[in-house]
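> Kindly generate the corresponding structure for this input.
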Amino acid sequence: QVQLVESGGGLVQAGGSLRLSCAASGRSFMRYSMGWFRQAPGKEREFVAAITWSGDSTIYADSLKGRFTVSKSSAKNTVYLQMNSLKPEDTAVYYCATVLGRITTSGLDYSYWGQGTQVTVSS
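Next up is the predicted model:
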């Protein structure tokens, strides 16, 4: 079955960087897009970024453009989220997810989700 395993979260000071990884297994993902979402305590889940498996298209939440970069390694079946200039408001559990076909920002479209990785940014 499909498995998505996130890693790379942790505690970082404001202004610092982290790179999250999402290792995907269980099927061929060639027709899938991969997304990153996050959920802060007491808040709704929000879209962060997404990338097609081919890597030819990416989208970002407007508020995160310029600080976050999504990328992938087909050889490693892994998607990455590079997060720079982190702010305390970036504190959340970050999830990766996969959707068949077109790239989308709606979490409702995604079929499989990882367990999440905690990112905490201290001020």
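> Now do the phi/psi pair for the closest residue to residue 100 other than its chain neighbours.
In this structure, residue 100 finds its nearest non-sequential neighbour in residue 32, 5.7 Å apart by CB to CB, 6 or more residues apart in numbering. For the C-beta atoms, the positions are set from N, CA and C on the backbone; glycine is no exception. Backbone torsions for residue 32, taken as degrees, to the nearest 10, come to phi -110, psi 150.
> going forward can the numbers begin at 41, since that is how I track them
Noted, 41 is the first residue going forward, which turns the last one into residue 72.
> Identify the residues contacting residue 72.
If you count contacts by CB atoms under 8 Å, 6 or more residues apart in numbering, residue 72 has them with 93, 138, 139, 140, 141.
> buried sites along stretch 65-76?
Within stretch 65-76, the residues scored as buried using 16 or more other CB atoms under 10 Å are 69, 72, 73, 74, 75, 76.
> Residue 46: which of these is nearest?
residue 76 (8.9 Å; CB to CB).
> what's the helix or strand for the closest one?
Under the criterion of DSSP states H and E, residue 76 resides in strand 72-79.
> what mean pLDDT does whichever helix or strand residue 120 is part of have?
According to DSSP H and E, residue 120 maps onto strand 118-123. Average pLDDT, strand 118-123: 97.
> Dump the C-alpha coordinates for the helix or strand just after it into PDB.
Using DSSP H and E, the helix or strand that follows strand 118-123 in sequence is strand 132-140. Output of strand 132-140 as PDB, limited to C-alpha atoms (Å, rounded to 0.1, in the frame of the first residue of the first chain):
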ATOM      1  CA  ALA A 132       3.000  23.500  12.700                       C
ATOM      2  CA  VAL A 133       2.800  19.800  11.900                       C
ATOM      3  CA  TYR A 134       3.800  19.500   8.300                       C
ATOM      4  CA  TYR A 135       2.200  16.700   6.200                       C
ATOM      5  CA  CYS A 136       2.900  15.400   2.700                       C
ATOM      6  CA  ALA A 137       0.200  13.900   0.600                       C
ATOM      7  CA  THR A 138      -0.300  12.600  -2.900                       C
ATOM      8  CA  VAL A 139      -3.000  13.100  -5.500                       C
ATOM      9  CA  LEU A 140      -3.500  11.400  -8.800                       C
END
